[in-house]
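Colleague: how does the following fold in three dimensions:
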Amino acid sequence: MFIPDNEIAYKVYEQKNAIQKDSSLGHYFISSEKFQELKGFEVLPNDIIVSCAGTIGETYIMPSDIRSGIINQALMIIRLHNIDITPFYLLYFDFILKNEAGKDGKGTAIKNIPPFDILKNYWIPLPPLAEQDRIIKEVDLWQCLIDSIDGNIEDIFKLSKKTKSKILDLAISGKLVPQDPNDESATELLKRINPDFQPCDNSHYENLPQGWVNLTLGDVCNFERGVTFPSSAKSTIKQSATIACIRTANVQEELDLTDLWYIGAEYIKGNPNKLVRKNDIIMSSANSRELVGKVSYVYDLSEDMTFGGFVLNIRAKECILPFYLFLILRALYLNGTYLTIATQTTNIANLNTKILSGIEVMIPSLAEQERIMKAVTQIFANIDAITAELS
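Modeller: Just a heads-up that it's a prediction; the model follows:
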């Protein structure tokens with residue numbers, strides 16, 4: 001039924017005209033003969049068009065200079081007998097839709113326009129025009145304030161992320177809690193664990209706190225690459241002789257174990273190093289640049305699990321507490337350290353375990369690690385409590 005545009009063609013208005021508030025959008029046209037056949041769907045200046053599919057309830061007042069045409073099946077027309085009440089009518093119409101959508105108790109997302117026989121019978125409390133004007137001005141005033149608050153809240157969320165990054169930087173550099181001279185030094189700890197340990201000369205590290213020692217990640221933890229398997233081997237349903245497999249999608253602020261893949265247990269070949277344990281750390285080692293190096297802590301496990309080829313399982317050695325190691329790794333992710341060492345393959349950034357192992361870190365005594373963990377946990381809880389109140 002559509003024809004190329006020409007001087008006597010009529011426009012077909014679409015849902016995007018309502019959603020994007022622009023009557024000029026669209027490339028569908030019909031002949032004058034077809035327009036006469038469908039004239040009951042004609043749209044006029046000052047008509048209100050409403051989106052009725054997908055993005056529901058978006059309204060747009062058609063301007064006075066619109067091109068003659070009709071609406072398609074994804075739009076509805078509201079034509080007021082008196083256009084002076086348009087602002088107040090739209091305010092109440094939006095309230096009706098949200099109220100109707102919220103009746104099922106699942107929020108106010110508008111899923112469907114009420115049927116016409118219901119919509120036409122809604123009562124509208126219509127005040128005098130002067131009062132309508134005062135109401136609209138008051139609503140606009142409050143809406144501007146709300147928009148400003150929403151913008152500030154978004155800034156606060158961004159600030160909270162930066163604050164957490166700064167707190168972690170302070171923590172792993174010995175500036176968050178004071179050192180206790182009575183603590184066993186990190187060097188003494190390492191000698192106790194390994195009598196053959198030979199401390200390096202730390203005198204040139206000007207910012208090294210008292211009792212701390214400079215080591216590499218390879219000195220304090222082990223990296224284990226995940227198992228590889230063909231895509232045909234994965235399933236979202238647990239079956240006999242299968243094992244849950246953690247993948248990059250599961251590496252969130254908290255390890256998300258609600259959407260796991262399952263693979264045949266034969267892929268781990270009885271290798272205990274391919275099994276995840278409580279207090280392990282899972283790192284996304286091959287991902288988009290903004291997500292590569294993201295880490296999740298394994299607080300607990302409800303079943304045996306392995307991990308896929310695009311993640312690393314990281315396990316702390318004796319000289320470092322697992323959660324303190326997690327704080328170090330998270331700090332390195334937030335301050336962009338991994339981006340400086342990641343290699344790029346098409347759209348994927350990759351981390352090499354050999355290069356990761358060489359990253360230098362400063363390690364305090366176990367007692368100070370405990371104090372730092374406690375301080376960070378408390379500060380983060382306070383930040384999260386504030387942002388939760390704003391959500």
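
Colleague: C-alpha only now, for contacts and for neighbours.
Modeller: Noted.

Colleague: helices of the stretch 101-250 of the chain, start to end?
Modeller: Per DSSP state H, counting those that start in this stretch, the stretch 101-250 of the chain carries helices over the ranges 116-119, 129-172, 186-193, 217-220.

Colleague: residue 297 pairs with what?
Modeller: For residue 297, the beta-bridge assignment (DSSP bridges) gives partners residue 281.

Colleague: what's the pLDDT at it?
Modeller: According to the model's per-residue confidence, residue 297 sits at a pLDDT of 97.

Colleague: tell me the contacts of it?
Modeller: Contacts of residue 297 were listed using CA atoms under 8 Å, 6 or more residues apart in numbering, and they are 254, 255, 279, 280, 281, 282, 323, 326.

Colleague: return the distance of the one helix or strand residue 332 maps to from the chain's centre.
Modeller: Under the assignment given by DSSP states H and E, the secondary-structure element containing residue 332 is helix 322-334. Centroid separation between helix 322-334 and its chain, computed with CA atoms, centre = their mean, to the nearest Å, is 20 Å.

Colleague: if we can go back for a sec, out of the contacts of residue 297, flag the one nearest to residue 232.
Modeller: Set against residue 232, the nearest of these by CA to CA is residue 282 (23.9 Å).

Colleague: most surrounded residue in the contacts of residue 297?
Modeller: residue 282 (29 neighbours; other CA atoms under 10 Å).

Colleague: wait, that one sits on residue 296?
Modeller: Yes - Residue 282 is in contact with residue 296 according to CA atoms under 8 Å; the separation is 5.3 Å.

Colleague: which residues are common contacts for the two?
Modeller: What both residue 282 and residue 296 touch, as defined by CA under 8 Å, 6+ apart, is the set residue 251.

Colleague: hey, where'd the strands end up in the stretch 151-300 of the chain?
Modeller: For the stretch 151-300 of the chain, strands defined by DSSP state E, counting those that start in this stretch occupy the ranges 213-216, 221-225, 242-246, 261-264, 281-284, 286-287, 295-297.

Colleague: relative to residue 113, which of those strands is closest?
Modeller: From these, taking CA to CA, the stretch that ends up closest is strand 261-264, at 38.4 Å.

Colleague: mind listing what's buried in the closest one?
Modeller: When burial is assessed from 16 or more other CA atoms under 10 Å, strand 261-264 yields the following buried residues: 261, 262, 263, 264.

Colleague: show me what that strand is packed against.
Modeller: Under the contact definition 3 or more CA pairs under 8 Å, 6 or more residues apart in numbering; DSSP states H and E, strand 261-264 sits against strand 242-246.

Colleague: and the strand it packs on, C-alpha only, in CSV?
Modeller: Included here for strand 242-246 are C-alpha records, laid out as CSV according to Å, rounded to 0.1, in the frame of the first residue of the first chain:
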residue,chain,number,x,y,z
THR,A,242,27.8,-32.2,35.1
ILE,A,243,29.4,-29.5,37.1
ALA,A,244,28.5,-25.8,37.4
CYS,A,245,30.9,-23.5,35.6
ILE,A,246,31.5,-19.8,36.5
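
Colleague: quick one: strands adjacent to that strand?
Modeller: For strand 242-246, the paired strands and their directions (DSSP bridges) read strand 261-264 (antiparallel), strand 305-307 (parallel).

Colleague: need those strands in TSV with distance to residue 316 and mean pLDDT, can you?
Modeller: Supplementary listing: the strands paired with strand 242-246 in TSV, determined by distance: least, CA to CA, whole Å; pLDDT from 0 to 100:
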stretch	distance to residue 316	mean pLDDT
strand 261-264	26	92
strand 305-307	17	94
